[in-house]
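Undergrad: mind looking at a prediction? Sequence and model below.
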Amino acid sequence: MYNYPAVLISLVVATLSSSVVHAQWNLQIYNAIKWTAGNQGADTISYTTYEGITRVPLAYHGGVDTDASGEITDRNIDQFTNWVHNTVSSDYCGPIVLDYEQPWWRELSDIDLDEIKLQEILTVYIEGAQVAKQVLPNAQWGYWGLPSLRSSGPAWTDRGLSFQALASQCAALYPDIYDSNPNNEQLTQTRNHIEKVLK
């Protein structure tokens, strides 16, 4: 389905990164704690630092759309550019997560979402991905939670809905899983979702 240099799978507070190396997957664990409060995720940050797990930069509250208004303005681009320059070096080529939930998340989760509305929403996400690539071309930009677990199921695929237009603009994927319990009854669905995203 998607063929990209990197795919990241969100697992509660960490992400599982898969980079293609000679047609093989090279799996790595990354810490993707949201950077919105000084002590947020302090225990996880301490543990992952101790274990040598890299902390992934995460542009929270809209990613490029810094005020999460649903449109990307010149002011948003300036604020986002400043965030990038203050967060990572200009030669950074690793993963960076764009977390853009508002104002679209509820609509993306709507069971009655149609193709026209999906493409309208994805237009803004695609613009954000393109801006991010212009600011830092070699980074592995992608959106947290996309493709979503729901989007790989029959409710989407049977209606021809797809994140392909957005996925083709991203250097990394950060699909939504939110499951750290190996005995969870959704484990099979989660495994199937990961396999579909990695195809």
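TA: Yep, that arrived. Numbers count the residues shown, from 1 in each chain.

Undergrad: what element comes up after the longest helix anywhere in the chain heading to the C-terminus?
TA: Longest helix in the chain by number of residues (criterion: DSSP state H): helix 115-135. Next in sequence after helix 115-135, counting helices and strands by DSSP states H and E, comes strand 140-145.

Undergrad: helices or strands up against that following strand?
TA: strand 6-11, strand 95-98, helix 115-135, strand 172-175 (3 or more C-beta pairs under 8 Å, 6 or more residues apart in numbering; DSSP states H and E). C-beta here means a position set from N, CA and C on the backbone, and glycine is covered the same way.

Undergrad: pick the most deeply packed of those.
TA: strand 172-175 (a mean of 27; mean count of other C-beta atoms under 10 Å).

Undergrad: CA atoms only for that strand - export them in PDB, please.
TA: Extracted in PDB, the C-alpha atoms of strand 172-175 (Å, rounded to 0.1, in the frame of the first residue of the first chain):
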ATOM      1  CA  ALA A 172       7.600   8.800   7.400                       C
ATOM      2  CA  LEU A 173       4.300   7.400   8.600                       C
ATOM      3  CA  TYR A 174       3.200   7.400  12.200                       C
ATOM      4  CA  PRO A 175       0.000   5.300  12.200                       C
END
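
Undergrad: ends of stretch 159-173, how far apart?
TA: 22 Å (C-alpha to C-alpha, to the nearest Å).

Undergrad: typo on my end, stretch 142-156
TA: 21 Å.

Undergrad: repeat that for stretch 48-58.
TA: 16 Å.

Undergrad: only the buried residues of that stretch, if you could.
TA: Judged by neighbour count using 16 or more other C-beta atoms under 10 Å, the buried positions of stretch 48-58 are 48, 53, 56-58.

Undergrad: pLDDT added to those, as a markdown table?
TA: Output for those, formatted as a markdown table (pLDDT from 0 to 100):
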| residue | pLDDT |
| --- | --- |
| 48 | 77 |
| 53 | 77 |
| 56 | 79 |
| 57 | 81 |
| 58 | 81 |
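
Undergrad: between the residues you listed, which sits nearest residue 145?
TA: If you rank those by distance to residue 145 using C-beta to C-beta, residue 58 comes first, at 11.6 Å.
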